[in-house]
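Colleague: Below are the sequence and a predicted model; questions follow.
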Amino acid sequence: MIPSDLYSFSEVNIAKQIEKISFTLGFYKLRFHSLNGIPSASDTGTVEDFYLYPSGGTLRDCNFNIVGYYAKFDTYKGFVHPKKETT
């Protein structure tokens, strides 16, 4: 089941968020529900910033500590940045 809340942590929601945001300074700034600084799939009442670095597939917390590795979003494993419209 895919969470309907974009802030519910999942690989599907990572992909949805990066489709809509800019790739800046080598990372995507994402927002997810969190529990003790770890992204959560359920609503915890807290939403925090996380940073996805595709040049290694790592997701980092607001202090830039690694909280996970996601091969699906690792450029060395074949991740391709989404195409964005330019105006």
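Modeller: Here it is on my side, so go on.

Colleague: average model confidence for the lengthiest strand in the chain?
Modeller: Across the chain, the longest stretch assigned as strand under DSSP state E is strand 27-35. The pLDDT scores in strand 27-35 average 96.

Colleague: Check which residues of that strand are buried.
Modeller: Within strand 27-35, the residues that count as buried by 16 or more other CB atoms under 10 Å are 27-30, 32-34. (Glycine included, C-beta is placed from N, CA and C.)

Colleague: Tell me which stretches of this structure form strands.
Modeller: According to DSSP E, the strands that the chain contains are 23-24, 27-35, 38-39, 47-53, 58-60, 66-69.

Colleague: Let me know which of these is the nearest to Gln17.
Modeller: Smallest distance to Gln17 across the strands of the chain (CB to CB): 5.0 Å, for strand 27-35.

Colleague: partners of the closest one, with directions?
Modeller: strand 23-24 (antiparallel), strand 38-39 (antiparallel), strand 47-53 (antiparallel) (DSSP bridges).

Colleague: Redo these as a markdown table? Include mean neighbour count.
Modeller: Below are the strands paired with strand 27-35 laid out as a markdown table (neighbours: other CB atoms under 10 Å):
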| stretch | mean neighbour count |
| --- | --- |
| strand 23-24 | 11 |
| strand 38-39 | 20 |
| strand 47-53 | 18 |
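
Colleague: mean pLDDT lowest for which of those strands?
Modeller: Minimum mean pLDDT among the strands paired with strand 27-35: strand 23-24, a mean of 92.

Colleague: measure Ala15 to Val80 for me?
Modeller: With distances taken as CB to CB, to the nearest Å, Ala15 is found 12 Å from Val80.

Colleague: So for those two, which sits in the more crowded spot?
Modeller: The neighbour count for Ala15 versus Val80, taken as other CB atoms under 10 Å, is higher for Ala15 (12 against 7).

Colleague: if we can go back for a sec, how far out from the middle of the chain is the longest strand of the chain?
Modeller: Relative to the centre of its chain, strand 27-35 is centred 6 Å away, using CA atoms, centre = their mean, to the nearest Å.
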